[in-house]
Each structure stands twice: as structure tokens, then as C-alpha cells.
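J.: The following block contains a protein sequence and its predicted model.
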Amino acid sequence: MYMDNFEFFKELYFKENERRSEVENALNIPIAVITALCTTIYFLITTFDYSIEVYLNYIFYFSCITTILFVILSIYHLIIAFNNFSKGYDYRGIPYPYELFKWYKELENYYQANSGTNDDAKKHFSDYIVENIAKHTEHNMFVNDLKYRHIYLSKKFLIFGLIGTLCIMIPYSSNFFHKRDIDKKGLVDKISKSRNIKLVSTKTTESMPDKNKKQTPPPPPPPRDRIIKEGQAPPKPKGDK
């Protein structure tokens, strides 16, 4: 009878010790997601152009603040689940084996000295082990359940944080594409202005004479027009001798 009880509570005791390790391993995923969320939120905040579409800024502010609060709450519950803000958790267990061995020998001596038997010592010892294992298992079970509750709350607020990050992407995407259009338009205007300046400069250069270039003299002027006056003899052609 005692061995059956012992085996039952022993399995529960070791099961709660396994759950303790599972709780610690369950913290890895929330920590990784929180790190990724913090990095993403920091990137969105630092690359958002607050001078474009002012009405979107309010939506962006509200989404960022709400998401950051959810992340802070998630971190808060994660820390409690991990070590309760450095206070730690008390897990209970039976005494060290050698101490139990010495105590069992003392029980044998006690019952032998008081008209008892070794069976009485074994019964006393077994009852003590079963009772303490049951009490310690219940305490450890409560601690593990408390940790799992805070892990659940941490994941819950983490999901809200992910949803909040998606909400941040709505005004951020609008801001990003608007900013890109403005930058593209500014670049086109800059290129157009640069081309106009270049064309004006080229025309001015072509219209200005080159002072260093040797100029060709003008051709000889044509002869004067012949004037014929009535009543006078025409002039003798210069070609006649």
C-alpha cells in the first residue's frame, strides 16, 4: 500500500521538475519575438518622415504608443515568469539522501529502544516520505502554474504587440510612398533644371565669339554703280588705254 502511494506521488514530483525545465525553455520564443518587435518599432520610428501628411502622424503616434505599451507589458510578465524580478521562486524537495539515511537509522534505534520493530520504522519513514513528496509536489505545481500563467499573459500581450505593429505599417506605408513620390519629383525637377542651365550655357557659348580664334578679313567691296547723266559724255572705261 505504501509503495503504491510512493510511486504515484514520486511520478508527480518528477513530473513537476520536468515542467520546471519546460517553463524555462518556453521563455526562448517570446524573448526572440520581443527582440524582433523592438528592432522593427525602432526602425519604423527613426525612418518615418514627420513632415509629410501631418494627419497621419497622429495615427502613427497612437499606434506606436499602444504597441510599445503592449511590448512593455509582455516584457513585464516575462520577467515575472523568469525570476520574479530577481526574487526568484522557491522550489521544495525532500532532504538530502544521506540525511534521510541517518534519520532512518535513528528511527530504527528509536523503535528498538521503545518496544517497536523495524516495520514500525519503515512505516514511519514511508509515511513521512509520501507526505512530504505530496506537499512539495503541490507547492512546486503551484509555482509552475504561476509561471505558466505569466508566460501566457506575456504571449497574449505579445500578440497584441504584433497586431499593433501591423497597424503602424498602415500610416508608415502611406508615408513611405508619399515620400518616395516627393523625392522622385524633386529629382526630376533638379535634373530638368540642370538640363535647362546646361542648354542656356551652351547657347551663350555658341553665340559669343572666340577671341583667341584668328578672324578672316572681309572680302573686297564691289565697284560703284554706274551713274549716267544726260547731256554729259559718259566716262571712259578704266579698261581702255
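T.: Looks like it came in fine.
J.: Any regions of this structure where pLDDT drops low?
T.: For the chain, applying pLDDT under 70 flags the ranges 1-4, 180-216, 218-241.
J.: in this structure, which spans are strands?
T.: With DSSP state E, there are no strands along the chain.
J.: Just give the closest residue to Pro95, not the sequence neighbours.
T.: Trp103 (7.7 Å; C-beta to C-beta, 6 or more residues apart in numbering). Backbone N, C-alpha and C define where each C-beta goes, glycine included.
J.: Run a quick neighbour tally on that neighbour.
T.: If you count neighbours by other C-beta atoms under 10 Å, Trp103 ends up with 13.
J.: how close does it sit to Ile170?
T.: Separation of Trp103 from Ile170 (C-beta to C-beta, to the nearest Å): 68 Å.
J.: Would you agree Tyr50 is in contact with Asn57?
T.: Yes: with contact defined as C-beta atoms under 8 Å, Tyr50 reaches Asn57; the gap is 5.7 Å.
J.: Those two: which is more packed in?
T.: Legend: neighbour count by other C-beta under 10 Å for Tyr50 and Asn57, higher for Asn57 (16 against 12).
J.: Could you measure from the closest residue to Ala134 other than its chain neighbours over to Met141?
T.: Spatially, and ignoring its direct neighbours in sequence, Ala134 is nearest to Phe9 (5.0 Å; C-beta to C-beta, 6+ apart). Phe9 sits 12 Å away from Met141, taking C-beta to C-beta as the criterion.
J.: Comparing the two, which residue is more hemmed in?
T.: Ranked by neighbour count (other C-beta under 10 Å), Phe9 and Met141 place Phe9 first, with 20 against 15.
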